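S.K.: sharing a sequence plus its predicted fold:
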Amino acid sequence: MMLRHPSLDGWCILPLVVDLLDGARCQAGAAGGHRGVVVFSLISLTTSGLKGDSAVLEGVSMCTILIGLHIHPSAPLIVAANRDEYHARRSSPPALRSRMPWIMAPCDEKAGGTWIGMASWGIAALTNRPATEPFHPSLRSRGLLVMDVLRASSLAEALERAEQGRADHPYAPFNLLVASPEMGAVHYHPSVEDATKIDALTPGWHVLPNGRMDDPADPKVVRAKGLLDALDDDLDEPALVREMGTILADHEAAADTPDAPAWFPEALRGRLSALCVHLPAYGTRSSSVLMMNEGGEGAYYHAEGAPCRVPLRRVYTGRMGR
């Protein structure tokens, strides 16, 4: 990917080059977690040779979470998500990460955490928010907080872990969804513009981008809400998964996106506003659709690749904890 950065002369190549400080892995993340920092290197190509600089490109992260609460009669909680990430960042598909407590989740192999997962009590999922300052080595991986929340034994404990985790460790900005088939909330770190720390879920469809949930100024939110509101409420599970996959694969882009960094190439900025993102070194890496009912039964569908190219396949169905 070729990017122009105002602090550097010439065009820049953006490779993913730095490992975590402590080499955390997936099972270690499920067991307790490690600290780490992800840094990206910008190499400037100039007439005098190669020149290095460091930058954090959190503003490019455009993951999206779609949430349905008390809409479908057989699945009162529906969570669908696209993971947008650099192609070079390794991850593994959903698997049983822990039996006691029961956790089904994909894994970020760099940090050992996850961006979405299912537990016996409900679902947790996270989107990054644009960073306002450079990463520091003391920052803990946000995916490890998701694993901490999934290890809870109840929704109440999960909500408490989400709140306490923000106080116990330093993190880069994030939005964290914690939900069960009965209720849920989004935790913002740090607080959003009006000092709101938590938004409670109300019945209906919601869209959680890299900003505030259901932000009417976000073109991705507007597009996704329109597609979700057009869905029939009485679709059976296969049809519902198929329709959710179609929404996650949507490529309609706005003319611009407010979350893109100012120095990001203007010709590519609008492409970040699509639900399914395709850029040379970055884009939608996987998709997931998770469903749960009040009886503790659920289904987990996953596409290991962009949803426009790879169909969602069921990786788990049944009672959580078995």
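M.R.: Yes, it's here. Numbering: from 1, shown residues only.
S.K.: next one: the residue positioned nearest the centre of the chain, what pLDDT does it get?
M.R.: For the chain, the residue nearest the mean C-alpha position is Thr127 (3.8 Å; Cα atoms, centre = their mean). Per-residue pLDDT puts Thr127 at 97.
S.K.: quick check: Trp115 touching Ala124?
M.R.: No: judged on Cβ atoms under 8 Å, Trp115 makes no contact with Ala124 at a distance of 9.4 Å. C-beta: built from backbone N, CA, C; applies to glycine.
S.K.: ok so, going back, give the contact list for the residue nearest to the centre of the chain.
M.R.: Counting by Cβ atoms under 8 Å, 6 or more residues apart in numbering, Thr127 makes contact with 61, 63-65, 115, 174-175, 208-210.
S.K.: which helix or strand contains it?
M.R.: Assigned by DSSP states H and E, Thr127 belongs to strand 123-128.
S.K.: how far does stretch 226-246 stretch from start to finish?
M.R.: From its first residue to its last, stretch 226-246 covers 13 Å (Cα to Cα, to the nearest Å).
S.K.: so what touches it?
M.R.: Applying Cβ under 8 Å, 6+ apart, the set of residues contacting stretch 226-246 is 66, 68, 71-75, 78, 80, 205, 207, 247, 250, 287, 289, 291, 299, 301, 303, 307, 311-312, 314.
S.K.: filter the residues you listed down to the buried ones, PyMOL style.
M.R.: Restricted to buried positions by 16 or more other Cβ atoms under 10 Å, the PyMOL selection for these reads:
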select buried, resi 66+68+71+72+75+78+80+205+207+247+250+287+289+291+299+301+303+307+312
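S.K.: among the contacts of stretch 226-246, which lie within helices?
M.R.: Among the contacts of stretch 226-246, the ones falling in helices (DSSP state H) are Ile247.
S.K.: was I right to think Met147 contacts Ala111?
M.R.: No: Met147 is not in contact with Ala111 according to Cβ under 8 Å; the separation is 9.7 Å.
S.K.: Val289 against Pro311, yeah?
M.R.: No: Val289 lies out of contact with Pro311 (Cβ under 8 Å); the separation is 11.2 Å.
S.K.: of the contacts of Thr127, which is the nearest to Ser153?
M.R.: Among these, Trp115 lies closest to Ser153 (Cβ to Cβ), at 21.9 Å.
S.K.: look at the closest one and report its pLDDT.
M.R.: Trp115 is assigned 97 on the pLDDT scale.
S.K.: repeat that for Leu235.
M.R.: Looking at Leu235, its pLDDT stands at 94.
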